[in-house]
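S.K.: What follows is a predicted protein model with its sequence.
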Amino acid sequence: MTARDVVCSLVPALIAAPGVCAAVLFPPGASAEPATPCPDTEVVFARGTGEPPGIGPTGQAFVNALRARVDAAQPAVYAVNYPAIDQWDTGVDGIRDAGAHVVSRATECPRTKMVLGGYSQGAAVMGFVTSAQVPDDVDPATVPKPLDPNVADHVAAVVLFAMPNERAMNFLNEPKIVIGPLYQAKTMQLCAPEDAVCSDGVNFAAHDSYAADGTMVDQAADFAAGRLRSHGTSAATEMPFGR
């Protein structure tokens, strides 16, 4: 979800300056490079609404920052394949694709350490991927089953940029996102001050600030790099959930 779609859809319900939607621009997208067989590390990232196929500007900024912090083989990248349009029911395609890829990696490449990530609607997609159960008001037959608990051992970190909060999800008539207990300690959620999608603020421009500002991208990269270094060593190295 970007300011052009969900933020603009929130305008009638929230106070916003006239013409704010027309002023929102998308930064150029970036395609994810193909993953090599059984990489040491892989970033699985879901782009935001309206961004071109690939991992989007925020995803690319995060990958670049993470690569600068990883001394070993550079992380491969997998771009979650889903429409990323303002019809949010299609987000289930992203949940299905991301989940299937994560399971395939964990099964075929058990030594690969994964970092899951997403921006806006993509963050919602990845948040649902980690959920331990299907939301109560969703028909289980219409959505993918939660991941097997053993898959969590193959995920070193989860970084979620501008994940829609309960207010935004209620407005979109979508269920609340609940990070599963096996992923909470390895998850960092990042929300720009007053971002109208992930906070209680009404700063619509803040929603598009992550890639350009870089501060939270750096924070997420530091977190993920630390998790990658400590992954599989000890439960005592777990870091706190959220911010």
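M.R.: Received it, and whenever you're ready, just let me know what you need.

S.K.: Quick check: residue 158 touching residue 115?
M.R.: Yes. Counting by Cβ atoms under 8 Å, residue 158 touches residue 115, with 7.4 Å between them. For glycine as for every other residue, the C-beta is placed from the backbone atoms N, C-alpha and C.

S.K.: So those two - more neighbours on which side?
M.R.: residue 158 (31 against 28; other Cβ atoms under 10 Å).

S.K.: Return the distance of the longest helix seen in the chain from the chain's centre.
M.R.: When the chain is parsed with DSSP state H, its longest helix is helix 91-108. Using Cα atoms, centre = their mean, to the nearest Å, the mean C-alpha position of helix 91-108 is found 13 Å from that of the whole chain.

S.K.: repeat for stretch 134-150
M.R.: Relative to its chain's centre, stretch 134-150 lies at 18 Å (Cα atoms, centre = their mean).

S.K.: Now do the same for it: mean pLDDT, whole number.
M.R.: Across stretch 134-150, pLDDT averages out at 88.

S.K.: ok, now stretch 157-170?
M.R.: On average, the pLDDT along stretch 157-170 is 95.

S.K.: Pull the distance from that stretch to the chain's centre.
M.R.: 8 Å.

S.K.: in that stretch, what counts as buried?
M.R.: Residues of stretch 157-170 classed as buried by neighbour count (16 or more other Cβ atoms under 10 Å): 157-165, 167-169.

S.K.: Could you do stretch 173-184 as well?
M.R.: Result for stretch 173-184 [16+ other Cβ under 10 Å]: buried residues 174-175, 177, 179-180, 182-184.

S.K.: Secondary structure class of the residue nearest to the spatial centre of the chain, three-state.
M.R.: With distances taken as Cα atoms, centre = their mean, the residue of the chain nearest its centroid is residue 118 (1.8 Å). Here residue 118 is recorded as strand under DSSP: H, G, I helix; E, B strand; the rest coil.
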